[in-house]
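Peer 1: the sequence isn't on hand, but the structure is:
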């Protein structure tokens with residue numbers, strides 16, 4: 001199983017093809033979950049079980065991504081750190097663009 005971000009009820013080709021990989025279940029449990037717990041992150045803690053995200057939620061999620069990047073830099077190394085950083089940067093870069101259409105909802109889970 002894996003965690004990714006997709007647009008719910010897509011209305012065009014962009015929305016149908018939108019998919020951001022977040023983490024495998026094992027990687028999430030090993031790294032994301034402890035980070036979310038240690039940092040008291042609200043959104044990140046919801047990703048494993050799944051949550052709907054709306055445009056107004058994006059700033060809070062981007063703030064958590066920034067905290068996760070700092071956490072990863074201090075607690076991780078090697079390939080695992082690089083992998084987590086790539087996924088965080090992908091979310092940071094691409095998630096805001098999912099909301100081209102008013103009323104779009106992204107499911108992360």
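Peer 2: Thanks, I have it. The model shown is predicted, which means the values in this text are computed figures rather than measured ones. Residues are numbered from 1 along each chain as shown.

Peer 1: okay, CA-based contacts and neighbour counts for the rest of this
Peer 2: Noted.

Peer 1: which stretches in this structure count as strands?
Peer 2: Along the chain, the stretches classed as strands by DSSP state E are 2-8, 19-24, 51-53, 105-108.

Peer 1: partner strands of the longest one, parallel or antiparallel?
Peer 2: What that stands for is strand 2-8. strand 19-24 (antiparallel), strand 105-108 (antiparallel) (DSSP bridges).

Peer 1: can you tell me which of these is nearest to residue 96?
Peer 2: Closest approach to residue 96 among the strands paired with strand 2-8 is made by strand 105-108 (10.1 Å; Cα to Cα).

Peer 1: name the residues that touch the closest one?
Peer 2: By Cα atoms under 8 Å, 6 or more residues apart in numbering, the residues outside strand 105-108 that reach it are 3-9, 47, 50-55, 98-99.

Peer 1: taking those, please make a ChimeraX selection of just the buried ones.
Peer 2: The ChimeraX command for the buried members of the contacts of strand 105-108 (criterion: 16 or more other Cα atoms under 10 Å) is given here:
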select :3,4,5,6,7,8,47,50,51,52,53,54,55,98,99
